[in-house]
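Enquirer: Following is a predicted model, sequence given first.
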Amino acid sequence: MARVLAAGVVTTALMAFPQSALAAEAHELPGAAMSLWWALPFAGLLLSIATGPLLFSHVWEHHYGKIAAAWAALVVVPLAIAFGMSAASEAVLHTLLTEYLSFIILLFALFTISGGILVAGNIHGTPLVNAGLLLIGAILASVIGTTGASMILIRPVLRANDNRPFNAHVVIFFIFLVSNIGGSLTPLGDPPLFVGFLRGVDFFWTTVHILPDTLFVGSLVLLVFLVLDIVLHRREAGMPKIKDPTPDTKVRLRGLANLPLLAGVIGAILLSASWKPGVSFSVLGVGLELQNLVRDAIILALAFLSLKVSYKSHREANGFNWGPIAEVAKLFAGIFICIVPVVAILRAGHDGALAPLVALVTSADGQPNNLAYFWLTGALSSFLDNAPTYLVFFELAGGDAKHLMTEAASTLAAISAGAVFMGANTYIGNAPNFMVFAIARHRGFKMPGFFGYMAWSGAVLIPTFLIAGFLFFG
């Protein structure tokens with residue numbers, strides 16, 4: 001566990017808190033002077049994640065952490081050479097201490113606490129049962145976060161479908177709905193919205209303004225799943241039966257002591273947003289605010305308390321192990337470091353190498369192009385972390401929360417929906433995606449690779465987003 005937490009200390013900031021999105025701004029990398037060559041390590045890491053399990057699976061399985069570290073080094077070393085050791089170290093330390101550390105602590109806590117909650121027993125994964133589980137998970141995602149909802153429900157979903165010949169699609173739609181789309185209604189649901197909350201967006205603003213979009217997109221994706229699952233379930237009827245490794249039994253909720261711990265995590269996040277003592281500490285030259293340190297300490301303490309109060313048998317029944325969180329921690333550590341120059345270039349706006357992309361969000365008359373905001377925020381959130389991507393476009397839209405919540409409400413809605421919805425387009429768009437993938441793979445589900453998953457998202461999500469984009473932002 002210590003190794004996992006150590007690895008985690010390098011991944012967390014990416015998705016969970018606004019500091020992560022502020023990394024490029026804080027260390028002031030000269031994004032306007034940086035070419036697209038700086039994005040090559042990031043592209044290389046993504047390509048490694050995409051092809052490693054397919055082309056050199058044995059090497060990848062044992063050395064993915066070293067590969068991610070190598071790509072990260074190809075960012076850090078050139079930064080030191082080009083901009084000096086001070087600027088490079090400040091950029092990396094700021095990312096690790098203010099972004100990654102908070103992110104991995106939150107992810108570690110949600111993974112640990114939810115792992116002690118056991119939905120005991122099993123029900124048969126019929127199309128209606130599966131659709132019901134996905135609906136429950138999507139609703140929970142806006143209450144306890146996409147990570148919390150994913151970790152609590154993924155194992156019951158896997159058990160319900162582990163005797164079906166066709167079952168990978170259930171996990172894929174689980175990622176679509178529970179790990180992403182369902183978290184769009186509150187700042188607790190998904191990190192980009194939490195970034196906006198800390199920037200001044202009202203807590204229930206997204207609940208009101210993104211609700212129609214979420215209902216439309218979620219309902220359409222759930223309907224597609226139901227039709228597909230019915231077809232596959234009927235096809236399975238004529239195939240040889242597979243012995244159910246987890247026979248159907250009465251369903252009970254165990255590990256209830258962990259529920260107030262989850263509530264404590266939520267409370268700690270809200271505390272850090274409302275309590276601003278104005279006290280900060282300098283650690284290796286990086287300023288850390290007291291409320292954030294207190295938040296992280298509380299969340300970490302709750303995670304360790306969960307290990308104390310949870311029954312070992314509950315975790316064993318969940319198939320709980322540290323493998324998935326370790327994998328996510330190591331890979332997202334590399335992603336978070338490699339993304340630093342990319343975000344710096346984006347922050348340069350019209351003066352940066354990605355100026356053509358920036359120009360697309362403004363129409364000829366100078367007004368914001370909301371459809372472009374939706375697609376560009378979403379496209380980048382599919383591959384970059386969706387929290388810093390959200391903040392980049394939040395700033396491009398003016399950065400004034402009061403203005404964005406009123407006169408420019410459609411623009412803020414487009415940015416919010418794009419960041420949350422389209423995090424489902426790839427395994428790396430949102431941290432729970434990869435965690436769910438890793439858990440399903442560890443349980444023996446034959447999950448598609450990086451590009452195979454994108455084929456699913458391209459067939460199901462992209463048409464859905466095309467329709468939603470024109471309905472709500474066109």
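Expert: That came through fine.
Enquirer: element containing residue 175?
Expert: Using DSSP states H and E, residue 175 sits within helix 168-177.
Enquirer: Who are the packing partners of that helix?
Expert: helix 127-161, helix 211-236, helix 431-442, helix 450-472 (3 or more Cβ pairs under 8 Å, 6 or more residues apart in numbering; DSSP states H and E). Every C-beta, even on glycine, is put in place using the N, C-alpha and C of the backbone.
Enquirer: Tell me which of those approaches residue 86 most closely.
Expert: helix 431-442 (30.5 Å; Cβ to Cβ).
Enquirer: Pull out the buried residues from the closest one.
Expert: Buried residues in helix 431-442, counted by 16 or more other Cβ atoms under 10 Å: 431-441.
Enquirer: how about the strands in the chain?
Expert: Applying DSSP state E to the chain gives strands spanning 118-122, 249-254, 280-283, 286-289.
Enquirer: can you pull the alpha-carbon coordinates of the longest one into PDB?
Expert: Taking Å, rounded to 0.1, in the frame of the first residue of the first chain, the C-alpha atoms of strand 249-254 are listed here in PDB:
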ATOM      1  CA  THR A 249     -28.000 -14.700  -4.100                       C
ATOM      2  CA  LYS A 250     -29.800 -12.200  -2.000                       C
ATOM      3  CA  VAL A 251     -28.400  -8.700  -2.300                       C
ATOM      4  CA  ARG A 252     -27.200  -6.900   0.900                       C
ATOM      5  CA  LEU A 253     -25.200  -3.700   1.500                       C
ATOM      6  CA  ARG A 254     -22.200  -4.300   3.800                       C
END
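Enquirer: chain center to it, what's the gap?
Expert: Centroid displacement of strand 249-254 relative to its chain, using Cα atoms, centre = their mean, to the nearest Å, is 29 Å.
Enquirer: same check, this time on stretch 336-355
Expert: Using Cα atoms, centre = their mean, the offset of stretch 336-355 from its chain centre is 20 Å.
Enquirer: before we move on, back to that, of the helices and strands packed on helix 168-177, which approaches residue 194 most closely?
Expert: helix 127-161 (9.0 Å).
Enquirer: and that closest one, what does it pack onto?
Expert: Counting by 3+ Cβ pairs under 8 Å, 6+ apart, helix 127-161 packs on helix 101-115, strand 118-122, helix 168-177, helix 211-236, helix 258-274, helix 431-442.
Enquirer: In its sheet, which strands sit next to the shortest one, and in what direction?
Expert: Looking at strand 118-122 with DSSP bridges, its partner strands are strand 249-254 (antiparallel).
Enquirer: list the buried ones in the partner strand?
Expert: residue 254.
Enquirer: hang on, the earlier thing: least confident of the buried residues of helix 431-442?
Expert: Across these, the smallest pLDDT goes to residue 431, namely 75.
Enquirer: if we can go back for a sec, can I get the strands of the chain in CSV with distance to residue 387 and mean pLDDT?
Expert: Output for the strands of the chain, formatted as CSV (distance: least, Cβ to Cβ, whole Å; pLDDT from 0 to 100):
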stretch, distance to residue 387, mean pLDDT
strand 118-122, 29, 76
strand 249-254, 31, 79
strand 280-283, 21, 82
strand 286-289, 17, 82
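Enquirer: Low-confidence regions, the stretch 301-450 of the chain specifically.
Expert: 385, 388 (pLDDT under 70).
Enquirer: again, 90 this time
Expert: For the stretch 301-450 of the chain, applying pLDDT under 90 flags the ranges 311-368, 380-401, 408, 426-435, 438-439, 441-447, 449-450.
Enquirer: picking that back up, export the strands of the chain to CSV and append columns for distance to residue 336.
Expert: Below are the strands of the chain laid out as CSV (distance: least, Cβ to Cβ, whole Å):
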stretch, distance to residue 336
strand 118-122, 32
strand 249-254, 35
strand 280-283, 18
strand 286-289, 15
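Enquirer: what comes into contact with stretch 153-168?
Expert: 119, 122-125, 129-130, 133-134, 136-137, 140, 170-171, 174, 178, 232-233, 235-236, 239, 242-246, 318-319, 436, 439-440, 443-448 (Cβ atoms under 8 Å, 6 or more residues apart in numbering).
Enquirer: Narrow those residues to those that are buried.
Expert: Applying 16+ other Cβ under 10 Å to the contacts of stretch 153-168 flags 119, 122-123, 125, 130, 133-134, 136-137, 140, 170-171, 174, 178, 232-233, 236, 246, 318, 436, 439-440, 443, 445, 447-448 as buried.
Enquirer: circling back: rank the helices and strands packed on helix 168-177 by mean pLDDT and give me the bottom one.
Expert: Comparing mean pLDDT over the helices and strands packed on helix 168-177, the weakest stretch is helix 431-442, at a mean of 86.
Enquirer: now for it, which elements pack on it?
Expert: helix 101-115, helix 127-161, helix 168-177, helix 323-347.
Enquirer: Which of these sits closest to residue 416?
Expert: Residue 416 lies closest to helix 127-161 among these, at 12.5 Å (Cβ to Cβ).
Enquirer: Return the set of buried residues in that closest one.
Expert: 127, 130-131, 133-138, 140-161.
Enquirer: of the helices and strands packed on helix 168-177, which approaches residue 204 most closely?
Expert: That would be helix 211-236 among those, by Cβ to Cβ, at 10.2 Å.
Enquirer: the inter-axis angle of the closest one versus helix 450-472?
Expert: 140 degrees (axes from the mean of the first three to the mean of the last three Cα atoms, to 10 degrees).
Enquirer: relative to helix 127-161, how tilted is helix 211-236?
Expert: 70 degrees.
Enquirer: what packs against helix 211-236?
Expert: helix 127-161, helix 168-177, helix 409-421, helix 450-472.
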